[in-house]
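Colleague: okay, structure incoming, though there's no sequence with it:
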Ligand code: AHG
Ligand code: MN
Ligand code: MN
């Protein structure tokens, strides 16, 4: 008989990791299993697509509201948010939760035990892709609650969450694509699990994910090009110029509009993703949210040997000023991100009008 490859389940992997820290209480592992269960539940709901929504009158009443971001909530945004809160407010690991879909921090209900972690999440990233059956995902970040919160057991406040990304204990995402995957970092590299649909278990399939340092693939929403700042224009312009330009090689472009799916592609084969600060809407310094999009993805990318930046500084070094703060984000293969940072640091050169943005250019204003 052919031997099956021995793969660790997520639970076994977490036990193995915990053995490295004999003092660890097991609370963190319990939290990760709750998060994984929430992701499995969302994966099933997403897999039913229109069938799930059509069969649920309640779901049809959900959504349609505008969230704190000023964006229309889809029924699945609301359902996924509820799944995350329900699976993570019971077992006593969290002091409080925060999500893209809730204006204020979520309090652990009275009567439930409170723990020492703060869980921050985007329950469904890329949800504009739901209606067109393109990959979506969930993103999460784990922070420690301030000591005084844990000691007193008081309600959490927005200020408790305003910690730089460098303080994350763990971060991860689930990708609901052709297969469901869970990608995780606890600060010692990045591992990936694939959901075995027969067992309902996440199996360790990618034990050491590394972002290739070189790439010839970039991702940006080019419809915003007239709002880009000079360093981004310069970078994209040089990519587009290809073999005949200063880079001396042709580039390829991808845009899925699910950051979680773009991050996964970059982890698997390299690339650079940009949703930079632009001038489209002066009240929004970027499109993506710092606490539950940029920080967790930034932590994962850096742990995989890539780089994540605002263009001006490492994203993990930014001290947040509000729960739903937006920020410019550039991440991916190290050499490319460093180049983009360099272009931000030498504005004079970037200000020069490049041929592709000149009068008869492809991306002219
Ligand atoms: P969300 O669905 O959680 O609101 O996030 C969507 C984000 C991100 O996933 C994606 O990269 C970006 O918004 C898409 O932006 P465009 O609509 O400009 O393509
Ligand atoms: Mn999102
Ligand atoms: Mn979302």
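Modeller: It's in. This structure is a prediction, so every number in the text was calculated from the model and none was measured. Ligands and ions are numbered 1, 2, ... in the order given.
Colleague: contacts for the strand or helix carrying residue 340, please.
Modeller: Element membership of residue 340 [criterion: DSSP states H and E] is helix 334-345. With contacts defined as Cβ atoms under 8 Å, 6 or more residues apart in numbering, helix 334-345 is touched by 211, 213-215, 218, 231-232, 234-235, 272, 274, 305-309, 311-312, 330-331, 349-350. Every C-beta, even on glycine, is put in place using the N, C-alpha and C of the backbone.
Colleague: now do the buried residues in that helix.
Modeller: 334, 336, 337, 339, 340, 341, 343, 344 (16 or more other Cβ atoms under 10 Å).
Colleague: and of those residues, the nearest to residue 194?
Modeller: Minimum distance to residue 194 across the buried residues of helix 334-345 is 26.1 Å, recorded for residue 334 (Cβ to Cβ).
Colleague: so what's the residue count around the residue lying closest to residue 49 once chain neighbours are set aside?
Modeller: Counting by Cβ to Cβ, 6 or more residues apart in numbering, residue 133 is the residue found nearest to residue 49 once chain neighbours are left out, at 6.6 Å. Residue 133 has 10 neighbours, counted by other Cβ atoms under 10 Å.
Colleague: ok, residue 133 to ligand 3 distance?
Modeller: For residue 133, the distance to ligand 3 equals 17 Å [Cβ to the ion, to the nearest Å].
Colleague: repeat for residue 262
Modeller: Separation of residue 262 from ligand 3 (Cβ to the ion) stands at 14 Å.
Colleague: whatever helix or strand that residue lives in packs against which elements?
Modeller: Element membership of residue 262, judged by DSSP H and E, is helix 259-269. On a contact count with 3 or more Cβ pairs under 8 Å, 6 or more residues apart in numbering; DSSP states H and E, helix 259-269 meets strand 136-144, strand 170-176, strand 180-185, strand 217-219, strand 272-275, helix 295-303, strand 329-332.
Colleague: and the strands in the stretch 1-150 of the chain?
Modeller: 94-99, 106-107, 117-125, 136-144 (DSSP state E, counting those that start in this stretch).
Colleague: any chance of the ones you listed in TSV, with mean pLDDT, distance to residue 70 and mean neighbour count too?
Modeller: TSV is the format used below for the strands of the stretch 1-150 of the chain (pLDDT from 0 to 100; distance: least, Cβ to Cβ, whole Å; neighbours: other Cβ atoms under 10 Å):
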stretch	mean pLDDT	distance to residue 70	mean neighbour count
strand 94-99	98	16	24
strand 106-107	98	20	17
strand 117-125	98	16	28
strand 136-144	98	20	26
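Colleague: minimum distance to ligand 3: which of the ones you listed has it?
Modeller: Set against ligand 3 and scored by Cβ to the ion, the strands of the stretch 1-150 of the chain come closest in strand 117-125, at 4.4 Å.
Colleague: hang on, the earlier thing: which among the helices and strands packed on helix 259-269 is found nearest to ligand 1?
Modeller: strand 272-275 (5.9 Å; Cβ to the nearest ligand atom).
Colleague: can you list contacts of that closest one?
Modeller: Strand 272-275 is contacted by residues 215, 217-221, 232, 235-236, 259, 262-263, 266, 286-288, 328-333, 336-337, 340 when judged by Cβ under 8 Å, 6+ apart.
Colleague: buried subset of those residues?
Modeller: Buried by 16+ other Cβ under 10 Å: 215, 217-220, 232, 235-236, 259, 262-263, 266, 286-288, 328-333, 336-337, 340, out of these.
Colleague: measure stretch 184-203 end to end?
Modeller: 12 Å (Cα to Cα, to the nearest Å).
Colleague: report the buried residues of that stretch.
Modeller: Buried, per 16+ other Cβ under 10 Å, within stretch 184-203: 184, 185, 186, 190, 191, 192, 193, 194, 195, 201, 202, 203.
Colleague: quick check: the last one is in a strand.
Modeller: Yes - residue state for residue 203 (DSSP: H, G, I helix; E, B strand; the rest coil) corresponds to a strand.
Colleague: that one against residue 9, yeah?
Modeller: Yes - look at residue 203 against residue 9 with Cβ atoms under 8 Å: they come within range, at 6.0 Å.
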